[in-house]
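Asks: Pasting a predicted model and its sequence here:
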Amino acid sequence: MSYRFFAPVIALVLATMLAGCHSAKVLLPPNLRPPSESSGDVLKQAQQQLLEATPCCSSFADFSYRSMLPWQPQKFRLGSASMVANLNGTHSYFLAFLLPADAKLPYRVALKSELNGRWLHASYLFAPTIVLLDEGFQPIRSEDVGLCEHMGWSDETTGAFGSLKIDNKQARYLLVYSSAEQQSGKTYWEQSPASISSTTAATLQMNSAGSFSIPHGPDGALWIGMMNKTYEKAIDSAICKEASKGDGVLNTLRTALPLPWTKGSDNKVERRSPP
């Protein structure tokens, strides 16, 4: 049998093997692929989508405050399926709550924003603005909530945390949206391998180590509700900004701890006499 007969068969087998190799590359797990999305492109698309949405509400009295503020943090997803408000000329997704009338003052509201994106450098956060209103829907207080990063050992204790203290007995309603300042801001994010939880390690391992500023965006997952112990511990140990650099451990100890000796005029160490 001649070689000419086998040549097409061999070519077909080689082509199939090469195709199989190509398919294997395509089927690599997502965490092993290089990031393909651009944070700028994704964020711009989300911003444009929000800008083109038709607002339902433009004054505080327009919102429905039927939902009670959860007694512990509960997850809400703000995005294309959510209603849009136009407050102070800014479009924003929002949440509206009735505050518990029997809650003892003061109490704290806990918030947590999750990274919106698979890769750290291509992610953004929904940064909340809180407005407290009285029974006549008049604003008592408005605050852009600052977010601080915390990486715990579970998804519940990982994210960008914030809180708000409620101490005004006139407060009846709570509105959550994102102001123009919040949407254009950033949150400090420290990526430390020692603090990455097992649930997020696979997602973050392809990024370079170091610190980042996560931009704020118009949508994302937000947890909100009455403060509980889990969130309180996360907030108390969260990182809000880059730590200031000191003069070193030894120098700090010298200035912080009283020493029983000092240097004399001739630069020799002299023992202090007891008082």
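Replies: Received, thanks.

Asks: wouldn't V131 be in contact with V145 here?
Replies: No - when contacts are counted by CB atoms under 8 Å, V131 is not listed as touching V145 (11.1 Å). To be clear about C-beta, it is placed using only N, CA and C from the backbone, and glycine gets the same treatment.

Asks: Identify the residues contacting V109.
Replies: 69, 130, 163-166, 174, 224-227 (CB atoms under 8 Å, 6 or more residues apart in numbering).

Asks: tell me which of those is nearest to I239?
Replies: Distance ranking of the contacts of V109 against I239, using CB to CB, places S163 first at 15.0 Å.

Asks: Which SSE is immediately downstream of the host helix or strand of that closest one?
Replies: Per DSSP states H and E, S163 falls inside strand 159-166. Where DSSP H and E defines the elements, the next helix or strand beyond strand 159-166 is strand 173-177.

Asks: List the pairing partners of that following strand within its sheet, with orientation.
Replies: Partners of strand 173-177 in the sheet, by DSSP bridges, are strand 95-98 (antiparallel), strand 129-133 (antiparallel).

Asks: Can you find the helix or strand of this structure with the lowest average pLDDT?
Replies: Lowest by mean pLDDT, DSSP states H and E among the helices and strands of the chain is helix 198-204, with a mean of 42.

Asks: And what about E242, helix, strand or coil?
Replies: Reducing the assignment at E242 to three states with DSSP: H, G, I helix; E, B strand; the rest coil gives coil.

Asks: which residue ranges form the strands in the stretch 1-150 of the chain?
Replies: Shown for the stretch 1-150 of the chain, the strands assigned by DSSP state E, counting those that start in this stretch span residues 74-78, 84-87, 90-93, 95-98, 107-113, 125-126, 129-133, 139-144, 148-150.

Asks: CSV please, covering those and showing distance to I235 and mean pLDDT.
Replies: CSV is the format used below for the strands of the stretch 1-150 of the chain (distance: least, CB to CB, whole Å; pLDDT from 0 to 100):
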stretch, distance to I235, mean pLDDT
strand 74-78, 17, 97
strand 84-87, 26, 97
strand 90-93, 24, 98
strand 95-98, 20, 98
strand 107-113, 7, 98
strand 125-126, 16, 96
strand 129-133, 15, 98
strand 139-144, 15, 97
strand 148-150, 7, 94
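
Asks: Using a markdown table, lay out those together with distance to E242.
Replies: As requested, these are arranged in a markdown table below (distance: least, CB to CB, whole Å):
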| stretch | distance to E242 |
| --- | --- |
| strand 74-78 | 28 |
| strand 84-87 | 32 |
| strand 90-93 | 29 |
| strand 95-98 | 31 |
| strand 107-113 | 19 |
| strand 125-126 | 17 |
| strand 129-133 | 24 |
| strand 139-144 | 20 |
| strand 148-150 | 11 |
